[in-house]
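A.B. asks: Model the following, please.
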Amino acid sequence: MPDLSLRCTAFAGPARIASGELRHVALKARQAFASGRRVLVFEDASGRQVDLPLELSEGELLRLLSAPVPMADPVPAPARGPGRPKLGVVAREVTLLPRHWDWLAAQPGGASVALRKLVEDARKVAGGNDRRRAAQESAYRFMQAMAGDLPGYEDATRALFAGDVARFEERTATWPEDVRDHAALLAADAFVH
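C.D. replies: This is a model prediction of the structure:
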């Protein structure tokens, strides 16, 4: 089961019924489910649906959520190989052309240091793009589940991926308020340039 401190939002139909930590949201979702309403719960960071056994009693639901997740088969500890485990360094295979290996070997500190520097530099440069892409994917998942049959959905999706906030707001204006507002919240970083 997911972490109880996971931030989520629950909807009963198009109405937002709870937002916050999973434990709180699960109880509100269970109450709405018990009253016969269709309930969907979404993880705020990714827009993915969280599958909760809402047919259980509140006590059973909380007990299940707080139970440790059993491992199917114990995984044997990998044999120690190259790397620095105390620092969290994991040795993996990288396939490069001979000229790339030659260049890396000529760098101060060797291939590992050069590769780490290259990766860190790339992460700094791509940080904004990574946030924008994550916001687009998160909003898209939510919109697909909650607004896939609403008017303007396809145009709103195109606007989301084009980074056109005005068109996105225009296409979502007629959607139920809670669905529109949550989609806009998830999509906020998609429109930052």
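
A.B. asks: what helices or strands is the helix or strand hosting residue 19 leaning on?
C.D. replies: In this structure, residue 19 is located in strand 15-21 according to DSSP states H and E. In this structure, strand 15-21 packs against strand 7-12, helix 22-34, helix 177-187, with contacts taken as 3 or more C-beta pairs under 8 Å, 6 or more residues apart in numbering; DSSP states H and E. To be clear about C-beta, it is placed using only N, CA and C from the backbone, and glycine gets the same treatment.

A.B. asks: wait, which of these is closest to residue 46?
C.D. replies: Distances from residue 46 to each of those were compared by C-beta to C-beta, and the smallest falls on helix 177-187, at 9.3 Å.

A.B. asks: mean confidence score for the closest one?
C.D. replies: Mean per-residue pLDDT for helix 177-187: 96.

A.B. asks: which strands and helices sit next to it?
C.D. replies: With contacts defined as 3+ C-beta pairs under 8 Å, 6+ apart, helix 177-187 has these neighbours: strand 7-12, strand 15-21, helix 110-147, helix 165-172.

A.B. asks: that older thread, what lies in contact with the strand holding residue 19?
C.D. replies: Residues external to strand 15-21 that are found in contact with it (C-beta atoms under 8 Å, 6 or more residues apart in numbering): 4-11, 24-25, 28-29, 32, 39, 44, 176, 178, 181-182.
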